[in-house]
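**Q** all I have is the shape, not the residue letters:
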């Protein structure tokens with residue numbers, strides 16, 4: 001829990017973070033009030049990241065005391081994002097509990113969640129999780145666990161990384177292989193060139209378009225780590241998919257690496273996204289390209305904003321707005337205002353939560369009235385789970401670079 005004492009110390013000689021301090025001071029009491037009423041197995045990575053040591057200790061104790069294995073696995077998975085904030089005994093307790101689950105599907109779920117905090121664990125704990133993942137008999141669970149550990153691939157040593165890549169490529173069922181490859185995409189930058197090439201080749205060699213789209217989407221997270229021919233191969237394969245929803249799925253992954261592509265590739269992805277006729281697909285494709293807005297030219301940026309605001313279904317519009325929030329700083333003032341206005345105009349709370357928290361990624365680029373409007377909208381949500389999630393995401397996405405963030 002945030003302490004006013006620590007916050008006051010943080011800003012006493014640092015006027016540049018005064019606005020961040022006031023923002024946190026306004027939201028944290030609401031968060032702390034709400035979080036106490038949310039069951040441990042319903043926490044997510046964002047809410048966990050804002051919890052203080054005492055809150056986390058209580059949740060670890062609660063998680064380990066759950067009798068239902070499904071709830072326990074879900075709770076452990078959720079707490080994975082907060083591993084770095086736990087002390088060594090707590091970390092060990094969660095790892096031990098995860099490995100002690102008897103149902104492989106639940107063990108997979110717990111391992112996957114702990115993968116988000118893999119870098120905070122010691123070498124024996126990391127090895128235990130890798131060994132457990134590779135030892136799962138159910139191939140679906142093994143694939144999913146490998147994918148989950150992909151988020152922490154950079155924290156593992158070379159033999160562990162190779163073991164996960166080898167296991168992923170050795171899966172005989174295309175569905176399992178696609179999921180495992182997709183998950184390892186998050187850690188592509190930590191792998192050597194032959195491993196990267198092996199994953200790209202395997203992804204492009206999948207015969208089922210649905211699975212190929214999933215694998216391409218996952219590898220998109222590491223697009224910047226690949227060489228030009230590999231990048232081109234993934235873009236070409238994505239745009240060559242015939243089913244619109246599958247093409248949109250592939251584009252959603254490649255959007256994360258938009259800045260690493262050349263201008264013709266960027267234009268090709270923008271054109272493909274805007275040319276989708278299925279509104280569900282178009283919304284997700286537009287949202288994905290938001291992460292690379294700064295790499296696009298003004299006409300491309302305007303085209304994406306216009307298309308997002310032109311979506312008829314509020315759920316689709318909310319999804320597109322949320323994604324464009326990642327590139328809010330690259331847009332001009334009228335475009336920013338248009339997105340904020342559209343988000344606040346959504347009537348369904350779930351859609352409004354999605355849109356305003358997505359815009360939170362670009363919160364620092366907005367003016368004070370716009371920031372306040374988003375905060376007010378978050379605090380006005382009546383669903384407590386959505387409200388807690390909105391507050392957490394606004395803080396984490398909006399001010400994660402502030403030195404005040406160190407006091408969370």
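**A** All right, it came through fine. As the structure is a computational prediction, the values presented were derived from the model and not from experiment.
**Q** what distance do you get for residue 351 to residue 390?
**A** According to C-beta to C-beta, to the nearest Å, residue 351 stands 12 Å off from residue 390. Every C-beta, even on glycine, is put in place using the N, C-alpha and C of the backbone.
**Q** of these two, who's got more company?
**A** Neighbour comparison, residue 351 and residue 390: the larger count goes to residue 390, with 30 against 20 (by other C-beta atoms under 10 Å).
**Q** output the below-cut-off pLDDT ranges for the protein.
**A** Applying pLDDT under 70 to the chain flags the ranges 1-27, 44-46, 49-50, 396-408.
**Q** try it again with 50
**A** Within the chain, the segments meeting pLDDT under 50 span 1-18, 21, 400-408.
**Q** residue 336: what's it in contact with?
**A** Residue 336 is in contact with 328, 362, 365, 366, 370, counting by C-beta atoms under 8 Å, 6 or more residues apart in numbering.
**Q** apart from its chain neighbours, what residue comes closest to the last one?
**A** Once flanking residues are discounted, residue 370 sits nearest to residue 340: 5.0 Å by C-beta to C-beta, 6 or more residues apart in numbering.
**Q** for that neighbour, grab the count of nearby residues.
**A** Counted with other C-beta under 10 Å, residue 340 comes out at 25.
**Q** next helix or strand past the helix or strand hosting it?
**A** Element membership for residue 340 (DSSP states H and E) is helix 333-344. Downstream of helix 333-344, the next assigned helix or strand under DSSP H and E is helix 349-359.
**Q** so what does that following helix touch, helix or strand wise?
**A** Packing contacts for helix 349-359, counted by 3 or more C-beta pairs under 8 Å, 6 or more residues apart in numbering; DSSP states H and E, involve helix 314-324, helix 333-344, helix 368-379, helix 384-399.
**Q** to residue 34, which of those lies closest?
**A** helix 384-399 (4.2 Å; C-beta to C-beta).
**Q** okay, the angle between the closest one and helix 349-359?
**A** Per axes from the mean of the first three to the mean of the last three C-alpha atoms, to 10 degrees, the angle that helix 384-399 makes with helix 349-359 is 10 degrees.
**Q** so helix 384-399 versus helix 368-379, what angle?
**A** 150 degrees.
**Q** who does helix 384-399 touch, helix- and strand-wise?
**A** helix 18-35, helix 45-49, helix 349-359, helix 368-379.
**Q** dump the ones you listed into JSON lines; add distance to residue 395 as well.
**A** Conversion of those to JSON lines gives the following (distance: least, C-beta to C-beta, whole Å):
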{"stretch": "helix 18-35", "distance to residue 395": "6"}
{"stretch": "helix 45-49", "distance to residue 395": "9"}
{"stretch": "helix 349-359", "distance to residue 395": "10"}
{"stretch": "helix 368-379", "distance to residue 395": "10"}
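**Q** looking at those helices, which is buried most?
**A** Greatest average neighbour count among these goes to helix 349-359 (a mean of 24), per mean count of other C-beta atoms under 10 Å.
**Q** for it, the distance to its chain's centre please.
**A** 15 Å (C-alpha atoms, centre = their mean, to the nearest Å).
**Q** what do you get for stretch 178-190?
**A** Centroid separation between stretch 178-190 and its chain, computed with C-alpha atoms, centre = their mean, is 14 Å.
**Q** picking up where we left off before, tell me which of the helices and strands packed on helix 349-359 is the most buried.
**A** The highest mean neighbour count among these, using mean count of other C-beta under 10 Å, belongs to helix 314-324: a mean of 25.
**Q** so what touches it?
**A** Residues contacting helix 314-324 (C-beta under 8 Å, 6+ apart): 255, 279-280, 282-284, 286-291, 293, 304-305, 307-309, 311, 331, 339, 342-343, 346-348, 351-352, 354-355, 357-359.
**Q** now the end-to-end length of stretch 244-262.
**A** 24 Å (C-alpha to C-alpha, to the nearest Å).
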